[in-house]
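S.K.: Need the 3D shape of this:
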Amino acid sequence: MKKTFYFLPLFLILFHSTLNFGQAFSKGADVSWLPQMEATGYQFYDVDGSKKDCLQLLKDRGMNTVRLRVFVNPNDDKASGHCSKDETVAFALRAQKMGFRIMIDFHYSDSWADPAKQNKPAAWAKLPFDQLAQAVYNHTFEVMTALKKAKVKTEWVQVGNEIPGGMLWPDGSTNNWKQLGILLNKGYDAVKAVDKSIKVIVHLDEGDNNAKFRTFFDNATAQNVKYDVIGLSYYPFWVKKDYTETIANLAFNLNDMVTRYNKEVMVVEVGGEYDKVQNTKELLEATIKAVKDVPNNKGLGVLYWEPQGEKSWSHYSLSAWQADGKPSPALDAFKE
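M.R.: Numbering: from 1, shown residues only. Below is the predicted model of the structure:
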C-alpha cells in the first residue's frame, strides 16, 4: 500500500511533464555560424571573464531552442558556406545533448536564400520541374532521416527560408503559384514521411507587414499548401524604424494569421543593433510578449538570429555579442 501511494504520484508527475514538454514556450537562437566561429579560434566568455561554451552561455540566459540552417552543396566559406547535412546532424546532436530543442531550416540552395535571392543548388539548376520537385523531396528526406538515425528529435522544420517571392527561382517563384505549391508540399511530405509529429513551418520576412502575409498565405491556401506553423522574421532595423513604431503591427499580424488560417505562429528570426543594448533588450521583451499574448497558446516562441555572431568575426551588426567575447546584456530578455 505504501509503495502504491508513492508510485502513483511520481507516475502522474512524469506523465504530466511529458505531455507539457512540447507546449513550453520556445526561446532560442539560430547559431549556425557557431561551429565555424569555434573552428577559426573565436573564444566565448561569461560576464566574469571565464571561458565558456557558447551554447551554455545561451542556455544560462534562458534559451531552450537551437535553429540550424541546411545548405545543399555548400562551399567552405566561413560565413556563407558550411551547413551541410553532416555538419548539421553533428551540431544538432551536440545541442540536443545540452538540452536544446531543435529546429531545422532548409534553404534549398548551396548558400543563402532570402527575399533577394532564391538560387537553385548548382546540381539542380537544369532539372525539369518534375525532377526538381523530386530533388526537394529527396534532399529533405535524406537530411531528416540522417537526423533521426542520429537520434535527434526535431520539433520544427522550415520548408524554405524567407520566401515571400517563392523559392528555387524561377520555377518556384510566386509568379507560378501552382509550381511553388507543389515544391512546398514536397518538402512537407518528406518531413512527415520521417516523423509525422514534426511541425512544418512556412517562413516570410517583415513580420509586421500584414498585407504581405495575407497575400502569400491566401495564395498558399488556394494551392492547398500543407504546413503547421507560420514563421515570421522581425527586424525593425531593415525597415529603418524603431521597434516602438512596428511592434503593434507585429502583434496584429500574429493574431490575424492565427485567426485567418487557423495556424500556430512563431517569430523564427529577430534581431536588434549590437551597440544599442537597451533598445535591443526592449525589442526582445516586446517581441516575446507579443508572441506569448497570442490566445490559446498559438504563439510558439521567439528565436534570435545569430546572436553570438560578433561583428568583428561576422561583419553583421545585428548580433547580440560584445567585442570582448561576452554576451550582450540584451539577451537577458530571454530569462524568465
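
S.K.: Okay, helices next: where are they in the stretch 51-200 of the chain?
M.R.: 54-60, 85-97, 129-149, 177-194 (DSSP state H, counting those that start in this stretch).

S.K.: Please name whichever of those helices is nearest to residue 315.
M.R.: Evaluated with Cβ to Cβ, these place helix 54-60 nearest to residue 315, the distance being 18.4 Å. From N, CA and C alone the C-beta is placed, and that goes for glycine too.

S.K.: Which residues does the closest one contact?
M.R.: Outside helix 54-60, the residues that touch it by Cβ atoms under 8 Å, 6 or more residues apart in numbering are 28-29, 31, 34, 37-38, 44, 46, 66, 94-95, 98-100, 307-308, 327, 331.

S.K.: try it again with 10 Å
M.R.: When contacts are defined by Cβ atoms under 10 Å, 6 or more residues apart in numbering, helix 54-60 is touched by residues 27-29, 31, 33-34, 37-38, 42-47, 52-53, 63-66, 91, 94-95, 97-100, 304, 307-308, 320-321, 325-327, 331, 334-335.

S.K.: Sort out for me which of the residues you listed are in strands.
M.R.: If you go by DSSP state E, the contacts of helix 54-60 have 27-29, 65-66, 304 in strands.

S.K.: State the number of residues packed around residue 166.
M.R.: A count of nearby residues for residue 166, using other Cβ atoms under 10 Å, gives 23.

S.K.: show me the contacts for it.
M.R.: Contacts here follow Cβ under 10 Å, 6+ apart; on that basis residue 166 touches 118, 160, 172-177, 179-181, 183-184, 216, 219.

S.K.: Run the chain-centre distance for stretch 277-295.
M.R.: Between the centre of stretch 277-295 and the centre of its chain there are 17 Å (Cα atoms, centre = their mean, to the nearest Å).

S.K.: What residues of it count as buried?
M.R.: Buried positions in stretch 277-295, judged by neighbour count with 16 or more other Cβ atoms under 10 Å: 277, 279-284, 286-288, 290-291, 294.

S.K.: Among these, name the ones in strands.
M.R.: Per DSSP E, these never map to strands.

S.K.: In this structure residue 66 contacts residue 103, no?
M.R.: Yes: using Cβ atoms under 10 Å as the test, residue 66 is close enough to residue 103 to be in contact (7.1 Å).

S.K.: Overlap in contacts, these two.
M.R.: Taking Cβ under 10 Å, 6+ apart as the contact rule, residue 66 and residue 103 both touch 28, 30, 92, 303.

S.K.: ok, the first one to residue 147 distance?
M.R.: For residue 28, the distance to residue 147 (Cβ to Cβ, to the nearest Å) stands at 17 Å.

S.K.: Let's have the buried residues of stretch 277-295 in CSV, adding pLDDT and distance to residue 209.
M.R.: Rendered in CSV, the data for those read as follows (pLDDT from 0 to 100; distance: Cβ to Cβ, whole Å):
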residue, pLDDT, distance to residue 209
277, 98, 27
279, 98, 21
280, 98, 21
281, 98, 24
282, 98, 21
283, 98, 17
284, 98, 20
286, 98, 17
287, 98, 15
288, 98, 20
290, 98, 15
291, 98, 17
294, 98, 17
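
S.K.: between these, which is closest to residue 113?
M.R.: Of all these, residue 113 sits closest to residue 287, with 23.3 Å by Cβ to Cβ.

S.K.: Phi and psi next, for residue 203.
M.R.: Note on residue 203: its backbone torsions stand at phi -120, psi 130 [degrees, to the nearest 10].

S.K.: so is the residue lying closest to it once chain neighbours are set aside in a helix, a strand, or just coil?
M.R.: Counting by Cβ to Cβ, 6 or more residues apart in numbering, the nearest residue to residue 203 once its immediate chain neighbours are dropped is residue 231, at 3.5 Å. Following DSSP: H, G, I helix; E, B strand; the rest coil, residue 231 is assigned to strand.

S.K.: Thanks a lot, catch you later.
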